[in-house]
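> Need a 3D model of the sequence below.
(chains A and B)
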Amino acid sequence: MATLKELSRVEERFVGGHRLCAGCGHGIAVRMILNAAENSNVVVGCATGCLEVASTIYPYTAWRCSFIHNAFENAGATISGVEAAYRALKKKGKINEDFKFIAFGGDGGTYDIGLQSLSGAMERGHNIVYVCLDNEAYMNTGIQRSSATPTGADTTTSPAGKVIPGKQQPRKDLTAIMAAHNIPYAAQTAISNWQDVHKKAKKALEVEGPAFINVLSPCPRGWRYNTPDIVEITKLAVETRFWPLFEVENGKWKLNYKPKKYVPIEEFLKPQGRFRHLFKPGNEHLIKAIQEEVDNRWLALLERCGETPELPPR
Amino acid sequence: MTPYNPFNRNFGSGTRTKAVRPDMKWHEMTRAGNIYEPGNANTYETGDWRSIRPVWNKERCINCLLCWRYCPDASVIAKEGKFETFDYKHCKGCGICAKVCPVNAIDMVPEEEIEKVKEANKDEN
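Residues are numbered from 1 along each chain as shown, chains lettered A, B, ... in the order given. Have a look, this model is predicted:
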(Lines give C-alpha, C1' and ligand atoms only; values in the text may rest on other atoms or scores of the structure.)
Protein backbone atom coordinates (compact mmCIF):
# COMPACT_ATOMS: atom_id res chain seq x y z
CA MET A 1 0.00 0.00 0.00
CA ALA A 2 1.43 3.26 -1.09
CA THR A 3 1.76 6.03 1.46
CA LEU A 4 0.51 9.56 0.96
CA LYS A 5 4.12 10.74 0.81
CA GLU A 6 4.69 8.60 -2.27
CA LEU A 7 1.33 9.37 -3.82
CA SER A 8 1.81 13.12 -3.46
CA ARG A 9 4.76 12.89 -5.86
CA VAL A 10 2.45 11.82 -8.68
CA GLU A 11 1.64 14.77 -10.89
CA GLU A 12 -1.78 16.36 -10.49
CA ARG A 13 -4.13 15.49 -13.33
CA PHE A 14 -7.20 17.40 -12.17
CA VAL A 15 -5.99 20.94 -11.56
CA GLY A 16 -7.41 23.75 -9.44
CA GLY A 17 -9.41 26.46 -11.13
CA HIS A 18 -12.36 24.21 -11.90
CA ARG A 19 -15.66 25.69 -10.81
CA LEU A 20 -17.00 22.94 -8.50
CA CYS A 21 -18.51 24.31 -5.27
CA ALA A 22 -16.21 24.80 -2.29
CA GLY A 23 -15.96 21.48 -0.47
CA CYS A 24 -17.41 19.35 -3.29
CA GLY A 25 -16.86 15.62 -2.89
CA HIS A 26 -16.37 15.14 -6.64
CA GLY A 27 -13.07 17.02 -6.63
CA ILE A 28 -11.76 14.75 -3.88
CA ALA A 29 -12.97 11.53 -5.51
CA VAL A 30 -11.64 12.42 -8.98
CA ARG A 31 -8.24 13.40 -7.59
CA MET A 32 -8.02 10.13 -5.66
CA ILE A 33 -8.89 7.99 -8.67
CA LEU A 34 -6.66 9.80 -11.17
CA ASN A 35 -3.86 9.66 -8.60
CA ALA A 36 -4.17 5.87 -8.60
CA ALA A 37 -3.53 5.87 -12.37
CA GLU A 38 -0.06 7.29 -11.59
CA ASN A 39 2.01 7.94 -14.70
CA SER A 40 0.03 6.02 -17.30
CA ASN A 41 -1.72 7.78 -20.16
CA VAL A 42 -5.36 8.37 -19.37
CA VAL A 43 -8.40 9.22 -21.46
CA VAL A 44 -11.27 10.61 -19.42
CA GLY A 45 -14.86 10.64 -20.57
CA CYS A 46 -17.59 12.43 -18.68
CA ALA A 47 -21.33 12.22 -18.55
CA THR A 48 -23.05 15.59 -18.21
CA GLY A 49 -23.26 16.56 -14.59
CA CYS A 50 -21.68 18.74 -11.97
CA LEU A 51 -18.21 17.45 -12.76
CA GLU A 52 -18.38 17.98 -16.51
CA VAL A 53 -20.12 21.33 -16.28
CA ALA A 54 -17.71 22.71 -13.68
CA SER A 55 -14.43 21.34 -15.01
CA THR A 56 -14.76 22.21 -18.70
CA ILE A 57 -16.24 25.70 -18.88
CA TYR A 58 -15.05 27.01 -22.26
CA PRO A 59 -12.27 28.00 -22.95
CA TYR A 60 -10.88 26.29 -19.86
CA THR A 61 -10.30 22.67 -19.04
CA ALA A 62 -9.25 21.37 -15.64
CA TRP A 63 -8.04 18.06 -17.11
CA ARG A 64 -4.39 17.42 -17.84
CA CYS A 65 -5.20 14.41 -19.99
CA SER A 66 -7.33 13.62 -23.03
CA PHE A 67 -10.95 14.42 -22.34
CA ILE A 68 -14.16 13.63 -24.15
CA HIS A 69 -17.70 14.62 -23.37
CA ASN A 70 -20.68 13.79 -25.51
CA ALA A 71 -24.06 13.87 -23.78
CA PHE A 72 -25.81 13.01 -20.57
CA GLU A 73 -26.95 9.50 -21.41
CA ASN A 74 -23.98 8.07 -23.29
CA ALA A 75 -20.79 8.33 -21.24
CA GLY A 76 -20.52 4.52 -21.36
CA ALA A 77 -21.06 4.37 -25.14
CA THR A 78 -18.68 7.28 -25.79
CA ILE A 79 -15.79 5.87 -23.78
CA SER A 80 -16.29 2.39 -25.24
CA GLY A 81 -16.17 3.94 -28.73
CA VAL A 82 -12.91 5.66 -27.87
CA GLU A 83 -11.53 2.40 -26.52
CA ALA A 84 -12.58 0.49 -29.66
CA ALA A 85 -10.94 3.12 -31.89
CA TYR A 86 -7.77 2.91 -29.83
CA ARG A 87 -7.68 -0.87 -30.20
CA ALA A 88 -8.15 -0.61 -33.96
CA LEU A 89 -5.40 2.00 -34.31
CA LYS A 90 -3.10 -0.04 -32.14
CA LYS A 91 -3.65 -3.10 -34.32
CA LYS A 92 -2.68 -1.05 -37.37
CA GLY A 93 0.41 0.19 -35.58
CA LYS A 94 -0.63 3.85 -35.55
CA ILE A 95 -0.49 4.08 -31.76
CA ASN A 96 2.28 2.46 -29.78
CA GLU A 97 1.55 3.68 -26.28
CA ASP A 98 -0.79 2.18 -23.72
CA PHE A 99 -3.83 4.10 -22.55
CA LYS A 100 -6.29 3.72 -19.70
CA PHE A 101 -9.92 4.69 -20.20
CA ILE A 102 -11.92 6.17 -17.35
CA ALA A 103 -15.49 7.46 -17.52
CA PHE A 104 -16.94 9.62 -14.77
CA GLY A 105 -20.68 9.97 -14.33
CA GLY A 106 -22.83 11.38 -11.60
CA ASP A 107 -25.62 9.32 -10.12
CA GLY A 108 -28.13 10.87 -12.54
CA GLY A 109 -25.97 9.99 -15.52
CA THR A 110 -25.33 6.48 -14.21
CA TYR A 111 -28.28 5.22 -12.17
CA ASP A 112 -30.98 6.73 -14.39
CA ILE A 113 -30.19 8.31 -17.72
CA GLY A 114 -26.97 6.55 -18.66
CA LEU A 115 -27.87 3.07 -17.43
CA GLN A 116 -28.56 1.62 -20.89
CA SER A 117 -25.29 2.81 -22.44
CA LEU A 118 -23.33 1.76 -19.36
CA SER A 119 -24.96 -1.66 -19.38
CA GLY A 120 -24.07 -2.04 -23.07
CA ALA A 121 -20.46 -1.02 -22.50
CA MET A 122 -20.14 -3.52 -19.66
CA GLU A 123 -21.74 -6.32 -21.67
CA ARG A 124 -19.47 -5.74 -24.69
CA GLY A 125 -16.45 -6.13 -22.46
CA HIS A 126 -14.48 -2.97 -23.31
CA ASN A 127 -11.36 -2.40 -21.28
CA ILE A 128 -12.70 0.62 -19.41
CA VAL A 129 -13.28 1.83 -15.87
CA TYR A 130 -16.59 3.49 -15.16
CA VAL A 131 -16.69 5.57 -11.99
CA CYS A 132 -20.03 6.69 -10.62
CA LEU A 133 -19.72 9.72 -8.34
CA ASP A 134 -22.84 9.23 -6.27
CA ASN A 135 -24.13 12.37 -4.56
CA GLU A 136 -27.65 10.99 -4.38
CA ALA A 137 -29.61 13.49 -6.49
CA TYR A 138 -29.39 15.66 -9.61
CA MET A 139 -27.37 18.36 -7.86
CA ASN A 140 -26.27 20.20 -11.00
CA THR A 141 -29.79 21.25 -11.97
CA GLY A 142 -30.90 22.06 -8.43
CA ILE A 143 -31.34 18.92 -6.31
CA GLN A 144 -33.95 16.80 -8.07
CA ARG A 145 -34.56 13.24 -6.93
CA SER A 146 -32.81 10.39 -8.75
CA SER A 147 -33.02 6.65 -8.21
CA ALA A 148 -29.95 6.99 -5.99
CA THR A 149 -31.75 9.30 -3.56
CA PRO A 150 -32.40 7.52 -0.26
CA THR A 151 -35.88 7.09 1.21
CA GLY A 152 -37.14 10.12 3.08
CA ALA A 153 -34.72 12.66 1.54
CA ASP A 154 -36.11 16.11 0.82
CA THR A 155 -35.36 17.23 -2.75
CA THR A 156 -37.08 19.77 -5.00
CA THR A 157 -39.02 17.05 -6.83
CA SER A 158 -39.73 15.01 -3.69
CA PRO A 159 -40.34 17.85 -1.24
CA ALA A 160 -41.09 17.07 2.38
CA GLY A 161 -44.48 18.53 3.25
CA LYS A 162 -47.45 17.92 5.50
CA VAL A 163 -48.67 14.88 3.57
CA ILE A 164 -45.61 13.34 1.90
CA PRO A 165 -42.37 13.11 3.90
CA GLY A 166 -39.72 13.34 1.18
CA LYS A 167 -38.84 10.58 -1.26
CA GLN A 168 -41.11 7.54 -0.97
CA GLN A 169 -39.16 4.87 -2.81
CA PRO A 170 -36.05 3.00 -1.67
CA ARG A 171 -32.77 3.57 -3.50
CA LYS A 172 -31.50 1.39 -6.30
CA ASP A 173 -28.53 -0.89 -5.64
CA LEU A 174 -26.48 -0.09 -8.72
CA THR A 175 -23.29 -1.88 -7.71
CA ALA A 176 -25.25 -5.13 -7.48
CA ILE A 177 -26.78 -4.46 -10.91
CA MET A 178 -23.30 -3.93 -12.35
CA ALA A 179 -22.01 -7.06 -10.61
CA ALA A 180 -24.87 -8.96 -12.26
CA HIS A 181 -23.25 -8.16 -15.64
CA ASN A 182 -20.55 -10.66 -14.65
CA ILE A 183 -17.82 -8.09 -15.20
CA PRO A 184 -14.32 -8.75 -13.83
CA TYR A 185 -14.51 -6.01 -11.22
CA ALA A 186 -17.26 -4.01 -9.53
CA ALA A 187 -16.80 -2.18 -6.25
CA GLN A 188 -18.46 0.25 -3.89
CA THR A 189 -16.37 2.71 -1.93
CA ALA A 190 -16.55 6.06 -0.14
CA ILE A 191 -14.14 9.00 0.03
CA SER A 192 -13.85 8.79 3.83
CA ASN A 193 -11.59 5.77 3.39
CA TRP A 194 -8.90 6.91 0.97
CA GLN A 195 -6.94 3.65 1.14
CA ASP A 196 -10.04 1.81 0.05
CA VAL A 197 -10.66 4.19 -2.89
CA HIS A 198 -7.02 3.98 -3.95
CA LYS A 199 -6.89 0.19 -3.75
CA LYS A 200 -10.12 -0.23 -5.69
CA ALA A 201 -9.19 2.33 -8.34
CA LYS A 202 -5.85 0.59 -8.83
CA LYS A 203 -7.48 -2.81 -9.11
CA ALA A 204 -10.06 -1.51 -11.57
CA LEU A 205 -7.38 0.09 -13.74
CA GLU A 206 -5.24 -3.03 -13.77
CA VAL A 207 -8.03 -5.47 -14.53
CA GLU A 208 -8.44 -6.58 -18.15
CA GLY A 209 -12.01 -5.79 -19.20
CA PRO A 210 -14.74 -3.53 -17.85
CA ALA A 211 -14.68 -2.37 -14.26
CA PHE A 212 -17.16 -0.35 -12.26
CA ILE A 213 -16.63 1.71 -9.10
CA ASN A 214 -19.40 3.43 -7.17
CA VAL A 215 -18.05 6.24 -4.98
CA LEU A 216 -20.11 8.03 -2.35
CA SER A 217 -19.28 11.70 -2.83
CA PRO A 218 -21.33 14.03 -0.60
CA CYS A 219 -22.74 17.34 -1.79
CA PRO A 220 -22.78 20.07 0.89
CA ARG A 221 -25.46 22.00 -0.98
CA GLY A 222 -27.86 19.12 -1.60
CA TRP A 223 -27.34 17.23 1.63
CA ARG A 224 -27.35 20.47 3.64
CA TYR A 225 -24.61 19.73 6.12
CA ASN A 226 -21.73 21.85 7.37
CA THR A 227 -19.22 21.91 4.45
CA PRO A 228 -15.99 20.95 6.31
CA ASP A 229 -17.69 17.83 7.77
CA ILE A 230 -17.55 15.92 4.48
CA VAL A 231 -15.25 13.15 5.73
CA GLU A 232 -17.22 12.70 8.95
CA ILE A 233 -20.54 12.45 7.12
CA THR A 234 -19.15 9.89 4.68
CA LYS A 235 -17.64 7.94 7.56
CA LEU A 236 -21.04 7.87 9.26
CA ALA A 237 -22.62 6.54 6.07
CA VAL A 238 -20.18 3.63 6.21
CA GLU A 239 -20.44 3.10 9.98
CA THR A 240 -24.25 3.06 9.95
CA ARG A 241 -24.04 0.48 7.10
CA PHE A 242 -26.01 2.82 4.86
CA TRP A 243 -23.14 2.62 2.36
CA PRO A 244 -21.25 -0.67 2.79
CA LEU A 245 -17.79 -1.02 1.29
CA PHE A 246 -17.54 -4.15 -0.82
CA GLU A 247 -16.13 -5.47 -4.06
CA VAL A 248 -17.11 -8.17 -6.54
CA GLU A 249 -14.13 -9.75 -8.25
CA ASN A 250 -14.96 -12.26 -10.98
CA GLY A 251 -18.31 -12.99 -9.37
CA LYS A 252 -16.88 -13.37 -5.87
CA TRP A 253 -18.38 -10.96 -3.34
CA LYS A 254 -16.12 -9.61 -0.63
CA LEU A 255 -16.92 -7.27 2.24
CA ASN A 256 -14.11 -4.77 2.81
CA TYR A 257 -15.24 -3.17 6.03
CA LYS A 258 -17.37 -4.46 8.89
CA PRO A 259 -18.38 -1.93 11.58
CA LYS A 260 -17.42 -3.07 15.07
CA LYS A 261 -20.48 -1.52 16.71
CA TYR A 262 -24.13 -1.10 15.82
CA VAL A 263 -24.52 2.58 14.90
CA PRO A 264 -28.17 3.60 14.40
CA ILE A 265 -29.04 5.33 11.12
CA GLU A 266 -30.09 8.49 13.02
CA GLU A 267 -26.41 9.35 13.45
CA PHE A 268 -26.09 9.66 9.68
CA LEU A 269 -29.46 11.38 9.12
CA LYS A 270 -29.22 13.94 11.93
CA PRO A 271 -26.45 16.25 10.61
CA GLN A 272 -28.16 16.54 7.21
CA GLY A 273 -30.76 19.17 6.45
CA ARG A 274 -32.41 17.00 3.81
CA PHE A 275 -33.60 14.61 6.56
CA ARG A 276 -34.58 17.30 9.08
CA HIS A 277 -38.31 16.64 8.72
CA LEU A 278 -37.81 13.02 9.85
CA PHE A 279 -36.92 14.22 13.35
CA LYS A 280 -40.19 16.11 13.87
CA PRO A 281 -42.48 14.52 16.49
CA GLY A 282 -44.76 11.91 14.97
CA ASN A 283 -42.27 10.84 12.31
CA GLU A 284 -40.47 8.20 14.37
CA HIS A 285 -41.98 5.42 12.28
CA LEU A 286 -40.22 6.79 9.16
CA ILE A 287 -36.79 6.51 10.74
CA LYS A 288 -37.69 3.04 11.97
CA ALA A 289 -38.62 2.03 8.42
CA ILE A 290 -35.31 3.40 7.07
CA GLN A 291 -33.40 1.52 9.78
CA GLU A 292 -35.21 -1.69 8.90
CA GLU A 293 -34.36 -1.29 5.21
CA VAL A 294 -30.68 -0.64 6.02
CA ASP A 295 -30.52 -3.70 8.30
CA ASN A 296 -32.21 -5.94 5.75
CA ARG A 297 -29.85 -4.82 3.00
CA TRP A 298 -26.87 -5.37 5.28
CA LEU A 299 -27.98 -8.93 6.10
CA ALA A 300 -28.54 -9.70 2.41
CA LEU A 301 -25.08 -8.34 1.58
CA LEU A 302 -23.43 -10.43 4.31
CA GLU A 303 -25.12 -13.51 2.92
CA ARG A 304 -23.83 -12.71 -0.56
CA CYS A 305 -20.32 -12.24 0.80
CA GLY A 306 -20.51 -15.66 2.47
CA GLU A 307 -20.42 -14.33 6.03
CA THR A 308 -22.79 -15.10 8.88
CA PRO A 309 -25.75 -12.72 8.43
CA GLU A 310 -25.93 -10.93 11.75
CA LEU A 311 -26.08 -7.29 12.82
CA PRO A 312 -23.05 -5.79 14.59
CA PRO A 313 -23.21 -5.93 18.42
CA ARG A 314 -24.93 -2.97 20.07
CA MET B 1 15.12 16.31 -26.75
CA THR B 2 12.65 16.99 -24.00
CA PRO B 3 12.08 14.08 -21.61
CA TYR B 4 8.91 12.06 -22.04
CA ASN B 5 6.06 13.44 -20.00
CA PRO B 6 2.63 11.85 -20.20
CA PHE B 7 1.14 15.09 -18.90
CA ASN B 8 0.99 18.35 -20.82
CA ARG B 9 0.92 16.64 -24.17
CA ASN B 10 -1.01 17.83 -27.16
CA PHE B 11 -2.63 14.63 -28.28
CA GLY B 12 -3.48 14.82 -31.96
CA SER B 13 -2.75 18.51 -32.29
CA GLY B 14 0.79 18.17 -33.64
CA THR B 15 2.84 21.26 -32.98
CA ARG B 16 -0.06 23.65 -32.50
CA THR B 17 0.03 24.93 -28.94
CA LYS B 18 -1.94 28.13 -29.37
CA ALA B 19 -3.87 29.02 -26.25
CA VAL B 20 -7.54 29.90 -26.41
CA ARG B 21 -8.40 32.91 -24.27
CA PRO B 22 -11.83 34.35 -23.44
CA ASP B 23 -10.95 37.76 -24.98
CA MET B 24 -9.98 36.35 -28.40
CA LYS B 25 -11.64 37.49 -31.66
CA TRP B 26 -13.26 34.81 -33.81
CA HIS B 27 -10.55 34.87 -36.49
CA GLU B 28 -7.81 34.39 -33.90
CA MET B 29 -9.38 31.17 -32.61
CA THR B 30 -8.04 27.68 -33.13
CA ARG B 31 -9.79 25.42 -35.62
CA ALA B 32 -13.18 24.36 -34.26
CA GLY B 33 -12.30 26.29 -31.12
CA ASN B 34 -10.31 23.33 -29.83
CA ILE B 35 -8.38 23.75 -26.59
CA TYR B 36 -4.82 22.48 -27.02
CA GLU B 37 -3.56 23.43 -23.59
CA PRO B 38 -4.19 20.70 -20.99
CA GLY B 39 -5.28 21.91 -17.58
CA ASN B 40 -5.53 25.58 -18.57
CA ALA B 41 -8.19 26.09 -15.88
CA ASN B 42 -5.13 26.75 -13.76
CA THR B 43 -5.09 30.28 -15.17
CA TYR B 44 -8.61 30.87 -13.86
CA GLU B 45 -8.44 32.00 -10.27
CA THR B 46 -11.13 30.79 -7.91
CA GLY B 47 -9.33 32.15 -4.84
CA ASP B 48 -11.65 35.14 -4.59
CA TRP B 49 -14.56 32.84 -3.71
CA ARG B 50 -12.97 32.38 -0.34
CA SER B 51 -14.19 34.07 2.84
CA ILE B 52 -12.07 32.07 5.29
CA ARG B 53 -8.45 31.24 4.63
CA PRO B 54 -6.47 28.17 5.76
CA VAL B 55 -3.25 29.14 7.53
CA TRP B 56 -0.55 26.53 8.03
CA ASN B 57 1.20 26.14 11.36
CA LYS B 58 4.65 24.78 10.67
CA GLU B 59 5.48 23.74 14.25
CA ARG B 60 2.42 21.56 14.64
CA CYS B 61 2.46 19.97 11.17
CA ILE B 62 3.50 16.30 11.05
CA ASN B 63 3.43 16.10 7.21
CA CYS B 64 0.80 13.37 7.12
CA LEU B 65 -0.59 15.01 3.96
CA LEU B 66 -4.22 14.20 4.73
CA CYS B 67 -4.98 17.82 3.78
CA TRP B 68 -3.41 17.17 0.38
CA ARG B 69 -5.52 14.04 -0.06
CA TYR B 70 -8.81 15.69 0.85
CA CYS B 71 -8.44 19.05 -0.94
CA PRO B 72 -11.05 19.17 -3.74
CA ASP B 73 -9.22 22.00 -5.51
CA ALA B 74 -5.69 20.58 -5.56
CA SER B 75 -4.74 23.66 -3.54
CA VAL B 76 -2.48 21.96 -1.03
CA ILE B 77 0.92 21.81 -2.67
CA ALA B 78 3.12 18.97 -1.49
CA LYS B 79 6.78 18.78 -2.43
CA GLU B 80 9.10 15.83 -1.86
CA GLY B 81 6.45 14.17 0.31
CA LYS B 82 6.13 17.19 2.59
CA PHE B 83 3.64 20.01 2.98
CA GLU B 84 4.90 22.95 0.93
CA THR B 85 2.25 25.65 0.78
CA PHE B 86 -1.37 26.52 0.04
CA ASP B 87 -2.32 27.65 -3.44
CA TYR B 88 -4.35 30.72 -2.43
CA LYS B 89 -5.10 31.49 -6.07
CA HIS B 90 -7.36 28.44 -6.26
CA CYS B 91 -8.32 27.64 -2.65
CA LYS B 92 -12.06 28.20 -2.18
CA GLY B 93 -11.88 28.14 1.62
CA CYS B 94 -14.07 25.08 2.20
CA GLY B 95 -12.26 24.21 5.43
CA ILE B 96 -11.95 20.46 4.80
CA CYS B 97 -8.16 20.53 5.28
CA ALA B 98 -8.49 22.09 8.73
CA LYS B 99 -11.13 19.53 9.69
CA VAL B 100 -9.21 16.42 8.56
CA CYS B 101 -5.93 17.58 10.12
CA PRO B 102 -5.22 15.19 13.03
CA VAL B 103 -3.03 17.71 14.91
CA ASN B 104 -4.97 20.94 14.18
CA ALA B 105 -2.05 22.44 12.30
CA ILE B 106 -4.35 24.39 9.98
CA ASP B 107 -6.34 27.38 11.25
CA MET B 108 -9.22 28.86 9.31
CA VAL B 109 -8.87 32.66 9.54
CA PRO B 110 -11.49 35.07 8.15
CA GLU B 111 -10.18 37.08 5.21
CA GLU B 112 -11.13 40.39 6.91
CA GLU B 113 -8.74 39.68 9.76
CA ILE B 114 -5.93 38.98 7.32
CA GLU B 115 -6.74 42.28 5.58
CA LYS B 116 -6.64 44.08 8.95
CA VAL B 117 -3.25 42.59 9.80
CA LYS B 118 -1.97 43.65 6.39
CA GLU B 119 -3.26 47.20 6.93
CA ALA B 120 -1.62 47.38 10.37
CA ASN B 121 1.69 46.22 8.94
CA LYS B 122 1.45 48.88 6.24
CA ASP B 123 1.03 51.65 8.86
CA GLU B 124 4.10 50.45 10.75
CA ASN B 125 6.29 50.64 7.70
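> mind giving me the domain ranges of chain B?
B:1-44, B:47-124 (automatic domain parsing).
> most tightly surrounded among the ones you listed?
domain B:47-124 (a mean of 17; mean count of other C-beta atoms under 10 Å in any protein chain shown). For the C-beta atoms, the positions are set from N, CA and C on the backbone; glycine is no exception.
> and the residue of chain B most remote from its centre, what does it touch?
Relative to the centre of chain B, the most outlying C-alpha is that of residue B:27, 31.8 Å out, by C-alpha atoms, centre = their mean. Taking C-beta atoms under 8 Å, 6 or more residues apart in numbering or on different chains as the definition of contact, residue B:27 has no neighbours.
> just residue B:108 next, same as before
B:52, B:53, B:54, B:55, B:93, B:95, B:98.
> Grab the nearest non-local neighbour of the fifth one.
Taking C-beta to C-beta, 6 or more residues apart in numbering or on different chains, and ignoring the residues beside it in sequence, residue B:93 has residue B:50 as its nearest neighbour in space, at 3.3 Å.
> The one you found reaches residue B:111, doesn't it?
Yes - taking C-beta atoms under 8 Å as the definition, residue B:50 is a contact partner of residue B:111 at 6.5 Å.
> pLDDT at the residue in the stretch 151-300 of chain A positioned nearest to chain B, what is it?
For the stretch 151-300 of chain A and chain B, the shortest gap (C-beta to the nearest C-beta) falls at residue A:228, measuring 3.7 Å. Turning to residue A:228, the model gives it a pLDDT of 95.
> cool, and residue A:282?
90.
> now residue B:26
Predicted confidence (pLDDT) for residue B:26: 85.
> Next up, the contacts around it.
Per C-beta under 8 Å, 6+ apart, neighbours of residue B:26: none.
> how much space is there between it and residue A:48?
According to C-beta to C-beta, to the nearest Å, residue B:26 and residue A:48 sit 26 Å apart.
> swap in residue A:128?
From residue A:128 across to residue A:48, the span is 18 Å (C-beta to C-beta).
> same check, this time on residue B:110
36 Å.
> name the helices or strands packed onto the least confident helix or strand in chain B by mean pLDDT?
Lowest on mean pLDDT, DSSP states H and E among the helices and strands of chain B sits helix B:111-124, with a mean of 86. If contacts are counted by 3 or more C-beta pairs under 8 Å, 6 or more residues apart in numbering or on different chains; DSSP states H and E, helix B:111-124 sits against strand B:52-56.
> May I have the strands that pair with the strand it packs on, each with its orientation?
strand B:106-110 (antiparallel) (DSSP bridges).
> give me the beta-bridge partners of the closest residue to residue A:86 other than its chain neighbours?
Spatially, and ignoring its direct neighbours in sequence, residue A:86 is nearest to residue A:99 (5.8 Å; C-beta to C-beta, 6+ apart). For residue A:99, the beta-bridge partners are residue A:41 (DSSP bridges).
> who touches residue A:99 in this structure?
Applying C-beta under 8 Å, 6+ apart to residue A:99 gives the contacts A:40, A:41, A:42, A:43, A:86.
> Go again with 6 Å.
Listed by C-beta atoms under 6 Å, 6 or more residues apart in numbering or on different chains, the contact set of residue A:99 reads A:41, A:43, A:86.
> now swap in residue A:79 and tell me
So residue A:79 contacts A:45, A:101, A:103, A:128 (C-beta under 6 Å, 6+ apart).
> if we go to 10 Å?
Counting by C-beta atoms under 10 Å, 6 or more residues apart in numbering or on different chains, residue A:79 touches A:43-47, A:68, A:70, A:101-105, A:117-118, A:121, A:126, A:128-130.
> what's the answer for residue A:46, then?
Contacts of residue A:46 by C-beta under 10 Å, 6+ apart are A:30, A:52-53, A:55-56, A:63, A:67-70, A:75, A:78-79, A:102-106, A:109.
> what bridges to it?
Legend: beta-bridge partners of residue A:46 under DSSP bridges are residue A:69, residue A:104.
> thinking again about what came up before, and the buried ones among the contacts of residue A:79, selectable in ChimeraX?
The ChimeraX selection below is limited to those of the contacts of residue A:79 classed as buried (16 or more other C-beta atoms under 10 Å in any protein chain shown):
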select /A:43,44,45,46,47,70,101,102,103,104,105,117,118,121,126,128,129,130
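> could the domains of chain B go into CSV alongside distance to residue A:1?
Shown next, in CSV, are the domains of chain B (distance: least, C-beta to C-beta, whole Å):
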stretch, distance to residue A:1
domain B:1-44, 23
domain B:47-124, 14
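> what does the stretch 201-314 of chain A have sitting close to chain B?
A:217, A:220, A:226, A:227, A:228, A:229, A:230, A:231, A:232 (C-beta under 10 Å from any C-beta of the partner chain).
> what's the burial count for the fourth one?
Same thing as residue A:227. 18 (other C-beta atoms under 10 Å in any protein chain shown).
> now the first one
Using other C-beta under 10 Å, residue A:217 is surrounded by 28 other residues.
> same question, the third one
Counted with other C-beta under 10 Å, the burial measure for residue A:226 works out to 15 neighbours.
> Find the nearest non-adjacent residue to residue B:88, please.
In space, residue B:88 is closest to residue B:47, 5.2 Å off (C-beta to C-beta, 6+ apart).
> Provide a list of residues in contact with the one you found.
If you count contacts by C-beta under 10 Å, 6+ apart, then residue B:47 has A:16-17, B:53, B:73, B:75, B:86-93 around it.
> For it, give its distance to residue B:75.
8 Å.
> okay, and the common contacts of those two?
Both residue B:47 and residue B:75 are contacted by A:16, A:17, B:86, B:87, B:88, B:89, B:90, B:91, B:92, B:93, under the criterion C-beta under 10 Å, 6+ apart.
> could I get the residues you listed as a markdown table with pLDDT, distance to residue A:212 and secondary structure?
What follows is the shared contacts of residue B:47 and residue B:75, written out as a markdown table (pLDDT from 0 to 100; distance: C-beta to C-beta, whole Å; DSSP: H, G, I helix; E, B strand; the rest coil):
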| residue | pLDDT | distance to residue A:212 | secondary structure |
| --- | --- | --- | --- |
| A:16 | 92 | 28 | coil |
| A:17 | 91 | 29 | coil |
| B:86 | 95 | 35 | strand |
| B:87 | 94 | 33 | coil |
| B:88 | 94 | 37 | coil |
| B:89 | 93 | 36 | coil |
| B:90 | 94 | 31 | coil |
| B:91 | 95 | 33 | coil |
| B:92 | 95 | 30 | coil |
| B:93 | 94 | 34 | coil |
